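Q: Sequence and computational prediction follow.
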Amino acid sequence: MTTRSTLKIGSQLALILGALIPLISSGWVGMPLSEQPAVLLATLALWTAGLLLGYRAFVQEKDFPAGHPAWRRICQFVTAASATLLLLGMTFGFVYHPTIGTSFLGTDFTTVLMITLVVMGVQIAPDDWKAVVKDARVVSLAVLIRWLIMPLTGYCVAFLAFRPFLEPELAGSLAIGMMLLSTSPTGAASNSLTLLSKGDLALSVSATTLNVLIAPFLQPLLIRFFVGGTASVDAVGMFLDLVRFVLAPVVAASIVGALFPGLIARIKPVLGPLAVLSLTCVLMGTISKGAPAILDNLNVLPYVLIACVVQGLAGLMLGYHVPKYLGFNREQRIASCFEVGVENAAIAPALAATYFNPLAIVPAIVYGKTQNILAVTIFVRKFQKENEALERREEAAEPAVR
């Protein structure tokens, strides 16, 4: 076994052990940060050791040239290890949800999310926006694919996962939750995942914008059609939130990037790691808010979990492969993958609590976590490996061109 392999195994063992210790110590239900200080210190120590071992393995694998700045190596490692860092953030948010859920991260995580959106915006050049406007067909198709795939698959999955196994009333409440989820618009997380995967950012942001704008009109109609209920959505409030948390930071940052391209080029190495760290904090906050509802409904959790995994895989896979037959290039298909499969899981719980049985909240909460796990561990990692392979081929081809 090579030294690099040993380092990787040691890294994974330390990270896993660091997650298991607080989970077991809390009885798998979480605890406040101050409840067991020794456990918290053990977790942080093991995770630090695991990341350091992972960094050493990464450096050996990349074989950086002499004189390569250490800070750039660290930035590249943070970007490459994004899946691991996001999972650690979600684990920490669940274990310590009583504290994280009432902290800034749990109550105002949208402010942290704006950091990720700013990072995206400065990297969208004017030519990118021109390309989207010029090819409105791609944006329209990406939005259409999302509104066809997710409600249909959500209805089928809910019918197959709940009705044969649960009492009618229980199955009905969970089915409503799945449809609320499937008819909610995409959120800014899809933009962040597109950024990490080097997809078409301008297409992702444009599709998210359209999805949010049309959701207030489509969602009540689709819910009535599929489950016979009605739901009203504050379209004005949603639009204002979109302007405040998505459009404003992205557009403002894009203008700054266009005005100061030299500055953006100099700080570009730190943009990826900054997006990873901010998204980690966002996921930590969101899972901490949903942990109590999950723990209160453990009896239906296996059925909901299966439904959410199937729904997530279907949305992400169809969102990536269907556009291939519509002429999308690889970057556009990556954006479509996350625009279809990654939903804004904050809207569905609010509708469920207002108009339906509280149990309808559970699918949205579970999907909000499983979609990120599936997207990060399978799809982001897949796209990043493909990107690295493409970069190696391009680097190998450069001498021949010269």
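A: Cool, the structure landed. Numbering: from 1, shown residues only.

Q: does the closest residue to residue 121 other than its chain neighbours belong to a helix or a strand, and which?
A: Residue nearest to residue 121 in three dimensions, not counting chain neighbours: residue 253, with 2.8 Å by CB to CB, 6 or more residues apart in numbering. For glycine as for every other residue, the C-beta is placed from the backbone atoms N, C-alpha and C. Per DSSP states H and E, residue 253 falls inside helix 248-259.

Q: Which strands or helices does the helix ranked longest in the chain pack on?
A: Taking DSSP state H as the criterion, the chain has its longest helix at helix 261-296. The helices and strands touching helix 261-296, judged by 3 or more CB pairs under 8 Å, 6 or more residues apart in numbering; DSSP states H and E, are helix 70-80, helix 82-95, helix 97-100, helix 104-107, helix 109-122, helix 188-196, helix 361-374.

Q: Please identify the deepest-packed of those helices.
A: helix 188-196 (a mean of 28; mean count of other CB atoms under 10 Å).

Q: Low-confidence ranges, the stretch 251-400 of the chain, go.
A: For the stretch 251-400 of the chain, applying pLDDT under 70 flags the ranges 345-347, 349-355, 357-358, 395, 397-400.

Q: The same query, at a cut-off of 90, please.
A: Of all residues in the stretch 251-400 of the chain, those with pLDDT under 90 make up the ranges 251-301, 304-305, 342-378, 380-400.

Q: Now for residue 123, how many residues are close by?
A: 19 (other CB atoms under 10 Å).

Q: got it, and residue 378?
A: Neighbours around residue 378, by other CB under 10 Å: 15.

Q: ok, now residue 172?
A: Residue 172: 21 neighbours (other CB under 10 Å).

Q: by contact count, what packs against the one helix or strand it maps to?
A: If you go by DSSP H and E, residue 172 is part of helix 168-182. Applying 3+ CB pairs under 8 Å, 6+ apart, we find helix 168-182 packed against helix 136-162, helix 201-227, helix 301-321, helix 347-355, helix 361-374.

Q: Domain boundaries for this structure, per the record?
A: 3-95, 110-385 (automatic domain parsing).

Q: Need those in CSV (columns: distance to residue 102).
A: CSV is the format used below for these (distance: least, CB to CB, whole Å):
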stretch, distance to residue 102
domain 3-95, 10
domain 110-385, 9
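
Q: okay, the helices and strands packed on helix 168-182, which one's buried deepest?
A: Note that of those, helix 361-374 is the most buried (mean count of other CB under 10 Å), with a mean of 25.

Q: ok, and what's touching that one?
A: The contact list for helix 361-374, computed with CB atoms under 8 Å, 6 or more residues apart in numbering, reads 86-87, 90, 174, 177-178, 180-181, 184, 189, 283, 286-287, 290, 293-294, 297, 300-301, 304-305, 307-309, 311-313, 315-316, 341-343, 345-346, 348-349, 352-353.

Q: distance of residue 150 from residue 323?
A: When CB to CB, to the nearest Å is the yardstick, residue 150 and residue 323 sit 15 Å from each other.

Q: contacting residues for the nearest residue to residue 182 once chain neighbours are set aside?
A: In space, and not counting its chain neighbours, residue 182 is closest to residue 154: 2.9 Å by CB to CB, 6+ apart. The neighbourhood of residue 154, defined by CB under 8 Å, 6+ apart, consists of 178, 179, 181, 182, 183, 311.
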